[in-house]
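**Q** Dropping a prediction and its sequence here:
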Amino acid sequence: MNIFEIYIIFMDKNVDYEIEQFWLGFKVSMFNFYKNYENINRPIQQWSDYLNLLQQKKDYEGIEECIVKYISLYSMDLMRTHDAYHMRILNTNIKRWDKLCNKSKIFVKRSNYNNGCNLIITLLDIYTILADKDKMSREIFDELELFIFFHDFRTLIIHARDQKIPSIIDKLLKYNESIFYQIKDIYKLDNSVRFPISAHKIFKSMNIM
């Protein structure tokens, strides 16, 4: 066995351990959340069993993709219940997972995920921005389906303008450039305002900032 083979074995064991430790903590936090909301249920043990199968195959990119999907589903439940305590724990876990993936070079770019996961992570970022600024509108996130299934972002676009939070618009445009046309229509922007453009410049053109 050469030095390279020894390094690969060591790396696999180290990655396995760190994934297990992350998932254990994340799983406990989900169990604690769902105990408080008996009307909401997710097959967490089935998720764990499937991750174990992927781990046995050393399929770390598969593990990463699945965990992002599980985070996305869990995020939807948190945004619907507006559970600030567990939302903070989730954001901490996301930072831990991203750090682990980057360190172990198993990070799959978000562009490789299906649009559903991309969008939910974007909505979670926006939710966090609003919560941190104490500008949350519970009604907006009570209708996640409008965003996920219909790509109708009018309520967020209007809220961003009314609350003067351009970062919401920037997050939406980063997710999908075509949302610019919804923004242009809702804000009644003339043809001189063209994409690419920052939300700050859009708001400035409307004398908001």
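**A** Received, thanks.
**Q** quick one: buried residues of the helix or strand containing His159?
**A** Using DSSP states H and E, His159 sits within helix 154-163. Using 16 or more other Cβ atoms under 10 Å as the test for burial, helix 154-163 gives Leu156, Ile157, His159, Ala160, Arg161. (Glycine included, C-beta is placed from N, CA and C.)
**Q** What is the subsequent helix or strand relative to the helix or strand of the chain with the lowest mean pLDDT?
**A** Least confident helix or strand, the chain: helix 3-35 with a mean of 76, by mean pLDDT, DSSP states H and E. Next helix or strand after helix 3-35 toward the C-terminus (DSSP H and E): helix 44-56.
**Q** which helices and strands sit right next to the following helix or strand past that following helix?
**A** Sequence-wise, the next helix or strand downstream of helix 44-56 (DSSP H and E) is helix 60-81. Packing partners of helix 60-81 (3 or more Cβ pairs under 8 Å, 6 or more residues apart in numbering; DSSP states H and E): helix 3-35, helix 44-56, helix 84-104, helix 115-132, helix 144-148.
**Q** So the residue nearest the centre of the chain versus Leu24, what's the distance?
**A** Central residue of the chain (Cα atoms, centre = their mean): Ile121, 1.8 Å from the mean position. Computed as Cβ to Cβ, to the nearest Å, the Ile121 to Leu24 distance reads 22 Å.
**Q** Give me the buried positions along stretch 72-80.
**A** Those would be Ser72, Tyr74, Ser75, Met76, Asp77, Leu78, Met79, for stretch 72-80 by 16+ other Cβ under 10 Å.
**Q** picking up where we left off before, the helices and strands packed on helix 60-81: which one's closest to Ile165?
**A** helix 115-132 (6.8 Å; Cβ to Cβ).
**Q** Could you check the angle the closest one makes with helix 84-104?
**A** Helix 115-132 runs at 130 degrees relative to helix 84-104, counting by axes from the mean of the first three to the mean of the last three Cα atoms, to 10 degrees.
**Q** Kindly calculate the angle that helix 115-132 makes with helix 154-163.
**A** Using the same axes, to 10 degrees: helix 115-132 against helix 154-163 is 30 degrees.
**Q** Show me the contact partners of helix 115-132.
**A** 68-69, 71-72, 75-76, 79, 84, 87, 90-91, 110-111, 136-137, 141, 144, 147-148, 156, 159, 163, 165, 167-168, 171-172, 174-176 (Cβ atoms under 8 Å, 6 or more residues apart in numbering).
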